[in-house]
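> after the sequence you'll find the predicted model.
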Amino acid sequence: MALKTCTPLPLMDLPRFRPRMSRQEKVRRSSSIIGAAPELLRRQLVQSIRQSGDINRLLNESREMQREVCSHAALATFLDQSLRIQYGIALYKTEEKHHDLILTTLSNDSCSHEALSDFLVEVEFDGIESAVVQVLEHDDVQVFPRPDKPVCNKHEGSRVVSEYLLEVAIKSKVGRNRLLATKWLPYYVNGVDSCIAMLEQLLHHYDAEVRGLAALHISYFNCDYPHIEALLWKPVEHETWCGREYVSVNGMKGALQKLILQRLIDLACEKSEAQSRKDSSDGWAKFWFHQMTLTARADRRSFEETVARFYSSIYMSPPSAVLWFDSPRAASLAAALYFHSTQPTIDLRKGAAFSQPHRYISKLIDRIERFPDFSTRCREHWNFGRKNWLARREYEDDRFTPCCGTHLIGLPPSRDRHVWDVISDYNHPLPDELKSVTDSLRNGVQGIDVPDINVPDIDVDSSTSRYFMTRFMDHARLGMVGYRSVLRQVGACPHIYDGLEQLLQICPTFVAFDDLVIASERPTKIRRDSQERLHSLDDAPSIEYADGWGVYSIHGITVRPEIILEPESIKIEEIIGEWNLEIRRVMLARYGIEKFITSSGAQFLNEDECGMLYKMPMKYDQFNMVRVVNRTPEPDGTFRTYFIAVPPNTTTAREGVAWSFQMEGAEYHPTIET
């Protein structure tokens, strides 16, 4: 066995003794050894003395172990045979600076023999760090003495454990080990001040998880710690950290980032002035929601100055140019053309970021999205800006509705439909728009080192332009930046000025590339009916832009421009082939119901209390329709008329209406109709 040298233990300096000792000297030395030994070792020592009846042999074995191994291993000679071998091997295979940590386990009365043996075996085969981490992973196994609450460990060996945990948190190469050591460090410290002093050494750690968890501990021990909000927020905004590690701190369990954000909210709500600011959240939600319906032209000079400050805040040079277009349709086409010319290899369908500003804003949205709601109605008022929430359909697509009539499981939550959703879904071009947009883009990027702007394949261009249309009408960017401004006011989010709030108030519809910003003006007019629904008056668009592009609607139902501008061009085949009842109703109203029945050559088949059944002769097939009247009056007192397409073998109107509810005619007897 190789020789090891170390300083004798301060608790127990093994005395030099003669081969023969008097009885009084044996009793004195036995008492001194037993009194200085830890509790577990003391019990083992008393048992060994009783069994042997002579301490002289035990002292000789300890002295031999001290000479061949070290003074720490000498203590293991007083244990029983099984623990003596395990402690001896563990101490021999461990560096001397960790011997005190291993022997701390001798002082734990609550540790079972099995758990202690497993710990020593782990030390023998995987090392001291792995053994300690295995202990920390299981809350029910306490090899080291640990109380139920932090900063109240008065055990004499707690200092050794806390110093080692601090060393693991700082130097370990395994992220999970660093996180566990930081989590349990306060439980092996006695006193708040000493615990904060140790945690302060982790506030500048290279690992964002360690920094965040250390700041989270400090916030619970001292909520008035200087700049505690900034210390909590700094790990959250770390670019490479997702914060999904599951931990428990101060009785709170969950993902680390979620706990940090919840603590920021709690710290803000503890302030006396936070309640009044929190109550104003509803008003601010209306303010940012109103940005989507403004029609004033943007201050271009202020916008360009704010863009330069935004790029500087994310450590980028200001863009070489800011291009303005009069509608999001033209701006999205320009963004698609520029993207195809400069970054043809990036696949936008996989969620790849097309620029550094886009990446910054996407990560900002993710961070703000994870903040818990600090108001009871916060989720309701800010739902327009929630990421991945789907807007309610303007009208349901009956072709894809499940037979059971229920919503599909696993879909994101739905939110109210707003103006930007209508604009994003509208995909009707202007004549020769691609040529004019290409010319404007080429003139605008003359001072930028980019390849020649080429017109790509129309299919690729349309899919990419639709993607950029959603980026211009980015409701999540508008909502989450607005929500961040409220969080700043209540003190839950440290003030990090990047100019996004001011930028979105000047012009909320823009796309930022690395060297170019493309912005779209707001609509010139938004027309509505008496019920505040989008409505085209006098053949004008319900949402009109300066370049002539716009959205056409009839009492909230979005339709093609031809239906309003050229109703005489509507064909009977188009009306019959339209799957949506609402659009078909608008087409019939513009075409004329009586004219439709007469011109289509419809043959009257049946009439009952459910409606009127017509047979529609087609070129290659027969098509039956049921004319029904909505039983619920409109706000103006009128009743809407609908035509429902039914199978060609339908013989009565009742049978056709029952078929639409997946019922037989004899089964359809509604008690209340709406």
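Done, it's in.
> if you drop the residues flanking it in sequence, what lies closest to Val249?
Counting by Cβ to Cβ, 6 or more residues apart in numbering, Val249 lies nearest to Leu216, which is 5.5 Å off, once chain neighbours are set aside. (Each C-beta comes from the backbone N, C-alpha and C, glycine too.)
> using the three-state scheme, assign Ala352.
Secondary structure, DSSP: H, G, I helix; E, B strand; the rest coil: Ala352 is coil.
> assign a three-state SS to the residue lying closest to it once chain neighbours are set aside, would you?
Nearest residue to Ala352 in three dimensions, chain neighbours excluded: Ile346, at 5.1 Å (Cβ to Cβ, 6+ apart). Taking three-state DSSP as the rule, one finds Ile346 in the coil state.
> thought Ile346 was touching Phe354?
Yes - applying Cβ atoms under 8 Å, one finds Ile346 in contact with Phe354, separated by 5.9 Å.
> and for these two, which residues touch both?
When contacts are counted by Cβ atoms under 8 Å, 6 or more residues apart in numbering, Ile346 and Phe354 are jointly contacted by Phe339.
> so for the two, which sits in the more crowded spot?
When neighbours are counted by other Cβ atoms under 10 Å, Phe354 comes out ahead of the other of Ile346 and Phe354, with 21 against 14.
> residues in contact with that one?
Per Cβ under 8 Å, 6+ apart, neighbours of Phe354: Phe339, Gln343, Ile346, Leu348, Phe513.
> closest to Ala476 out of those residues?
Distances from Ala476 to these, taken as Cβ to Cβ, are shortest for Leu348 (16.3 Å).
> how many neighbours does Ser569 have?
Neighbour tally, Ser569, other Cβ under 10 Å: 10.
> roughly how far apart are it and Ile554?
16 Å (Cβ to Cβ, to the nearest Å).
> could you do Trp233 as well?
When Cβ to Cβ is the yardstick, Trp233 and Ile554 sit 49 Å from each other.
> what's the first helix or strand after the helix or strand Leu213 falls within?
Take DSSP states H and E as the rule and Leu213 turns out to sit in helix 208-221. Note on helix 208-221: by DSSP H and E, the next helix or strand toward the C-terminus is helix 228-236.
> who are the packing partners of that next one?
Other elements packing on helix 228-236 under the criterion 3 or more Cβ pairs under 8 Å, 6 or more residues apart in numbering; DSSP states H and E are helix 208-221, helix 256-269.
> pick the most deeply packed of these.
Highest mean neighbour count among the helices and strands packed on helix 228-236 (mean count of other Cβ atoms under 10 Å): helix 208-221, with a mean of 23.
> pLDDT of it, averaged?
Throughout helix 208-221, pLDDT has a mean value of 89.
> now the angle from it to helix 256-269?
If you take axes from the mean of the first three to the mean of the last three Cα atoms, to 10 degrees, helix 208-221 sits at 30 degrees to helix 256-269.
> show me what helix 208-221 is packed against.
With contacts taken as 3+ Cβ pairs under 8 Å, 6+ apart, helix 208-221 sits against helix 175-184, helix 192-200, helix 228-236, strand 246-249, helix 256-269.
> how near is Phe221 to Val249?
11 Å.
> same question for Pro648.
With the distance defined as Cβ to Cβ, Pro648 ends up 68 Å from Val249.
> which one's more surrounded, those two?
For Pro648 versus Val249, the count of surrounding residues by other Cβ under 10 Å is larger for Val249: 20 against 11.
> and that one, bridged to which residues?
Met252 (DSSP bridges).
> my read is that it contacts Leu259, right?
Yes - the pair Val249 / Leu259 is scored as a contact, 5.9 Å apart, by Cβ under 8 Å.
> shared neighbours of those two, which are they?
Counting by Cβ under 8 Å, 6+ apart, the shared contacts of Val249 and Leu259 are Leu216.
> can you select the buried ones among the contacts of Phe354 for me in ChimeraX?
Buried members of these, defined by 16 or more other Cβ atoms under 10 Å, are picked up in ChimeraX with:
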select :339,348,513
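> let me know the closest of the contacts of Phe354 to Arg522.
For the contacts of Phe354, the nearest to Arg522 is Phe513 (21.3 Å; Cβ to Cβ).
> so who does the residue lying closest to the closest one once chain neighbours are set aside touch?
Excluding its sequence neighbours, the residue lying closest to Phe513 (Cβ to Cβ, 6+ apart) is Ser355, at 4.7 Å. The neighbours of Ser355, taking Cβ under 8 Å, 6+ apart as the test, are Ala512, Phe513, Asp514.
> give me that answer again for 10 Å
316, 319, 339, 342-343, 346, 361, 511-517 (Cβ atoms under 10 Å, 6 or more residues apart in numbering).
> the closest residue to Tyr426 other than its chain neighbours: what secondary structure?
In this structure, Tyr426 finds its nearest non-sequential neighbour in Val551, 4.8 Å apart by Cβ to Cβ, 6+ apart. Following three-state DSSP, Val551 is assigned to strand.
> can you count the residues close to Val551?
24.
> let me see the domain layout of this protein.
If you go by automatic domain parsing, the domain ranges for the chain are 1-145, 147-154+167-270, 291-522, 527-558, 567-667.
> can you list these in JSON lines and add distance to Ser281?
What follows is the domains of the chain, written out as JSON lines (distance: least, Cβ to Cβ, whole Å):
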{"stretch": "domain 1-145", "distance to Ser281": "38"}
{"stretch": "domain 147-154+167-270", "distance to Ser281": "12"}
{"stretch": "domain 291-522", "distance to Ser281": "5"}
{"stretch": "domain 527-558", "distance to Ser281": "24"}
{"stretch": "domain 567-667", "distance to Ser281": "32"}
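> tabulate the CA atom coordinates of stretch 132-151 in CSV.
What follows is stretch 132-151, C-alpha atoms only, in CSV (Å, rounded to 0.1, in the frame of the first residue of the first chain):
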residue,chain,number,x,y,z
VAL,A,132,-22.3,13.9,-3.4
VAL,A,133,-24.5,14.7,-6.5
GLN,A,134,-26.3,11.3,-6.1
VAL,A,135,-27.1,12.2,-2.5
LEU,A,136,-28.4,15.7,-3.5
GLU,A,137,-30.6,14.2,-6.2
HIS,A,138,-32.6,12.3,-3.6
ASP,A,139,-34.3,14.4,-1.0
ASP,A,140,-35.2,11.4,1.2
VAL,A,141,-31.5,10.4,1.6
GLN,A,142,-29.5,12.6,3.9
VAL,A,143,-25.9,11.3,4.2
PHE,A,144,-24.8,14.7,5.4
PRO,A,145,-26.7,16.3,8.3
ARG,A,146,-29.2,18.7,6.8
PRO,A,147,-32.1,20.6,8.4
ASP,A,148,-35.5,21.2,6.7
LYS,A,149,-34.9,24.9,6.3
PRO,A,150,-32.0,26.8,4.8
VAL,A,151,-29.4,29.0,6.6
